[in-house]
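> Sequence below, structure please.
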Amino acid sequence: MWWRWGFLLAIVCCSCMARGQEEFRVMFYNVENLFDTSDDPHTTDNEFLPRGEKHWTRGKYVAKLRAIARVVDSVGQGTLPWVVGLAEVENRRVLVDLVRKTGLSAGKYGIVHYDSPDVRGIDVALLYRKDFVEVLEERALRVDFPEDGRIRTRDVLYVKGLVKGADTLHFFVCHFPSMVGGERKSEWKRERVASLVRRQVDSILTVHPAAAVMVMGDLNGEADTRAQRVLCPRNGEETFLCGELYNTGYYLLNKPCGSYCYRGRWQTLDHIIVSGGMLNGKSEVQAVSRMSVYAAPFLLEQAARGTNARPKPTYRGPRYIGGTSDHLPVSIAVK
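Here you go, the predicted structure:
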C-alpha cells in the first residue's frame, strides 16, 4: 500500500505546487505533565508542587518549558509549525508561559484551551500561528460515561480554522483514556471517545465530503485497535475516499520504533489521522507526507548498557530525570 501512498502524495505535491500553496507543518506532542507550581484545589495536582512528592520547583518548570519550546522549534526545521496539538497541560497559564516566555514567542502563537473534568487536571490544547491561521470556531466536546459517573476523562478539542485566509481545516485534538486496569478491560472507554469523534467528523463530511479534517492525539493504542477501527475503518486500503479517515502513521504498525516505549517495547500511541480528501487531491488542504516521529538524540536516553534508547521523561516515579517527555512528538507536512 505504501508505495501507492507515496505515488499519490507526489501527485498531490505537484498539484499544490501548481496552485502556489505554501507547505507548513502540523505537529502533536504529549508533553507529560506540564504543571505549574501553584495548587489547584479542584484537581489532584499535589505531587507537582514545591513541597509535593516530586518537589516541582519554579526552576524545573522553566526548564521544562524551554525544553518543549526547543522540541517544537526542532520539529519545524527552521520554520515553527503553524499548528501544534498538545496533551497533558494543566491549564491556560502554562500555555501562556510556553508561547510568551520561551523562543516560541517569535511564532506569535494563539491558544485554544478548555479546562476538562479530568481528575488529574490535565487537558489538551491547540496552538496556532496567528499570522497564518485564523480560528473560526472552537469548542470542547465532553465525553460522558453515564454507566459510571466516577469516570472522568479529557475533553476532545474541536477547532475550525482558516489557513492563509483561504482554506478551511478542521482539527480534533484528543487524549484517549489510559490503559490503566488492562488494555482489554479499558478498551471500551477509548471506543466511546472514538465514537464521539467519528460522529463529529461525519457531521462535517456528510455536508462536505472533501473537507480537510485532522484528528491528532495520544490515542493510547496502536493503529489496529478497536478504537482506531471506529475512527478509520478503511485503514490499510489502497484507495483514499472522500468521507473517510486514514491514519497517516499506519505504516509504523509492528515496526521496531514508535512514539512511546514501555518496558523496552516501542509503540505508536500518538497519531495524526486525516480525511481522504486530504490524500486524493480533492480537499483545499493536502497532506504531502506521512506522519513522522521526531526522535532526536536529545529526547532520548539509554535505558541500560546494551539496550536501545527510549524517550527521556521528566520523572521516573518520584525521581527527577530532567527529560522533556516520555512521549516523542509526531508531525506531518501539509499544503
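
> if I pick the nearest residue to K130 once chain neighbours are set aside, what's in contact with it?
Leaving out its chain neighbours, the residue that sits closest to K130 by C-beta to C-beta, 6 or more residues apart in numbering is G110, at 4.7 Å. Backbone N, C-alpha and C define where each C-beta goes, glycine included. By C-beta atoms under 8 Å, 6 or more residues apart in numbering, the residues touching G110 are 127-130, 133, 135.

> Please, where are all the strands along the stretch 1-150 of the chain?
Remark: strands assigned in the stretch 1-150 of the chain by DSSP state E, counting those that start in this stretch are 24-34, 83-89, 109-113, 123-129, 133-141.

> Return a selection command, for use in PyMOL, containing the buried ones of the contacts of G110.
PyMOL command restricting the contacts of G110 to the buried ones, with burial defined by 16 or more other C-beta atoms under 10 Å:
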select buried, resi 127+128+129+133+135
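
> wait, which of the contacts of G110 is closest to T324?
T324 lies nearest to L127 out of the contacts of G110, by C-beta to C-beta, at 16.3 Å.

> Can you verify my assumption that F240 contacts G276?
Yes: counting by C-beta atoms under 8 Å, F240 does reach G276; the two are 4.3 Å apart.

> anything in contact with each of these two?
Common neighbours of F240 and G276 (criterion: C-beta under 8 Å, 6+ apart): Y246.

> rewinding a little: how about CSV for the strands of the stretch 1-150 of the chain, with distance to R316 and mean pLDDT added?
Shown next, in CSV, are the strands of the stretch 1-150 of the chain (distance: least, C-beta to C-beta, whole Å; pLDDT from 0 to 100):
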stretch, distance to R316, mean pLDDT
strand 24-34, 11, 98
strand 83-89, 16, 99
strand 109-113, 28, 99
strand 123-129, 24, 98
strand 133-141, 32, 98
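
> Kindly compare burial across the ones you listed and name the winner.
Of the strands of the stretch 1-150 of the chain, the one with the most neighbours on average (mean count of other C-beta atoms under 10 Å) is strand 83-89, at a mean of 28.

> so which helix or strand takes in A223?
In this structure, A223 sits in neither a helix nor a strand according to DSSP states H and E.

> got it, and the one 5 residues further on?
Using DSSP H and E, the secondary-structure element containing Q228 is helix 226-231.

> What lies in contact with that helix?
Applying C-beta under 8 Å, 6+ apart, the contact partners of helix 226-231 are 176, 187, 190-191, 193-195, 197-198, 201, 215, 219, 221-222, 235, 245, 247, 271, 273.

> From those, which land in strands?
Taking DSSP state E, the ones among the contacts of helix 226-231 that sit in strands are 215, 245, 247, 271, 273.

> Of those residues, which is the nearest to T324?
Of all the ones in strands among the contacts of helix 226-231, T324 sits closest to H271, with 19.6 Å by C-beta to C-beta.

> Count residues in the vicinity of the closest one, would you?
27 (other C-beta atoms under 10 Å).

> which residues of this protein fall in helices?
For the chain, the helices defined by DSSP state H cover 2-19, 58-76, 92-100, 183-205, 226-231.

> Least reliable of those helices by average pLDDT, please.
The minimum mean pLDDT among the helices of the chain belongs to helix 2-19 (a mean of 46).

> Next up, the contacts around the nearest residue to I68 once chain neighbours are set aside.
Leaving aside its chain neighbours, I68 sits nearest to V31 (5.4 Å; criterion: C-beta to C-beta, 6+ apart). V31 makes contact with 64, 68, 86-89, 324-325, 327, according to C-beta under 8 Å, 6+ apart.

> Need the max-distance pair from these.
With C-beta to C-beta as the measure, no two of the contacts of V31 lie farther apart than K64 and A87, at 14.5 Å.

> still on that earlier bit, could you flag which of the contacts of helix 226-231 are buried?
Taking 16+ other C-beta under 10 Å as the criterion, what is buried in the contacts of helix 226-231 is 176, 187, 190-191, 193-194, 197-198, 201, 215, 219, 221-222, 235, 245, 247, 271, 273.

> Dump stretch 131-138 to PDB, restricted to CA.
Extracted C-alpha coordinates of stretch 131-138, given in PDB (Å, rounded to 0.1, in the frame of the first residue of the first chain):
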ATOM      1  CA  ASP A 131       0.000  35.100  11.100                       C
ATOM      2  CA  PHE A 132      -1.200  32.100   9.100                       C
ATOM      3  CA  VAL A 133      -4.200  30.600  10.800                       C
ATOM      4  CA  GLU A 134      -7.500  32.200  11.900                       C
ATOM      5  CA  VAL A 135      -9.700  30.400  14.300                       C
ATOM      6  CA  LEU A 136     -13.300  30.500  13.100                       C
ATOM      7  CA  GLU A 137     -14.900  28.100  15.700                       C
ATOM      8  CA  GLU A 138     -13.800  26.300  18.800                       C
END
